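Trainee: Dropping the sequence and predicted coords here.
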Amino acid sequence: MSIVGGHLNIYEGYYILFMAYSGVFKPHNPKKYRGNFRNIIYRSLWERKFMIFCDGNPNILQWGSEEVVIPYRSPVDGRVHRYFVDFNIKIRTKSGEVKKYLIEIKPKKQTVPPPESKKKTKTYRSSAMTYLKNRAKWEAAKDWAEDRQMDFMILTEDHLGV
């Protein structure tokens, strides 16, 4: 049996396929990539899907993955950390205008505060902390992008069609 992109384990007599959700992306159009095109890492299948889109779309003139690093202050510990934005792209719009974007790919549930809960479980606290850190990152990215005549966008499964 051959398994591509994952590995097979046997657990209590059952075969279980574990798919790899991260890997190295090999572009068909390496000249479009801004950065080291031999070391493009995706950390989710959603990121990989967006990479395929960037690589193959003729209106995307240039793109990079985790090539832009933005400092932000975490509301959790008050310290400055580095935020590696998922993507930066340069596109040609239908009107011929060239625009630049910073793009973050996240599950929709991480873009909104977790639902209030009477019991502050470990899961709730973790979700709340993640949301607070993400908001701080996104505010820093928005300011950074505006200073450079760029836009910042968050894409979720709704945008990616997954």
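Mentor: In hand now; what should we look at?

Trainee: Give me the below-cutoff pLDDT ranges for the protein.
Mentor: 1-20 (pLDDT under 70).

Trainee: any idea whether Gln62 is helix, strand or coil?
Mentor: At Gln62, secondary structure determined by DSSP: H, G, I helix; E, B strand; the rest coil is strand.

Trainee: Could you tell me how far the nearest residue to it once chain neighbours are set aside is located from Lys133?
Mentor: Nearest residue to Gln62, sequence neighbours excluded (C-beta to C-beta, 6 or more residues apart in numbering): Lys90, at 4.2 Å. Heads up, the C-betas are built off the backbone N, CA and C, glycines and all. Separation of Lys90 from Lys133 (C-beta to C-beta, to the nearest Å) stands at 28 Å.

Trainee: max-length helix in this protein?
Mentor: helix 122-147 (DSSP state H).

Trainee: Tell me which strands the helix or strand containing the residue nearest to Gln62 pairs with, and in which orientation.
Mentor: Per DSSP states H and E, Lys90 falls inside strand 87-92. The strands beside strand 87-92 in its sheet (DSSP bridges) come out as strand 60-65 (antiparallel), strand 98-105 (antiparallel).

Trainee: Point out the most buried one among the ones you listed.
Mentor: strand 60-65 (a mean of 20; mean count of other C-beta atoms under 10 Å).

Trainee: ok now it, how far from the chain's centre?
Mentor: Distance of strand 60-65 from its chain centroid, counting by C-alpha atoms, centre = their mean, to the nearest Å, is 14 Å.

Trainee: Residues contacting it, please?
Mentor: The contact list for strand 60-65 (C-beta atoms under 8 Å, 6 or more residues apart in numbering) reads 25, 32-35, 40-42, 47, 51, 53-55, 86-92, 98.
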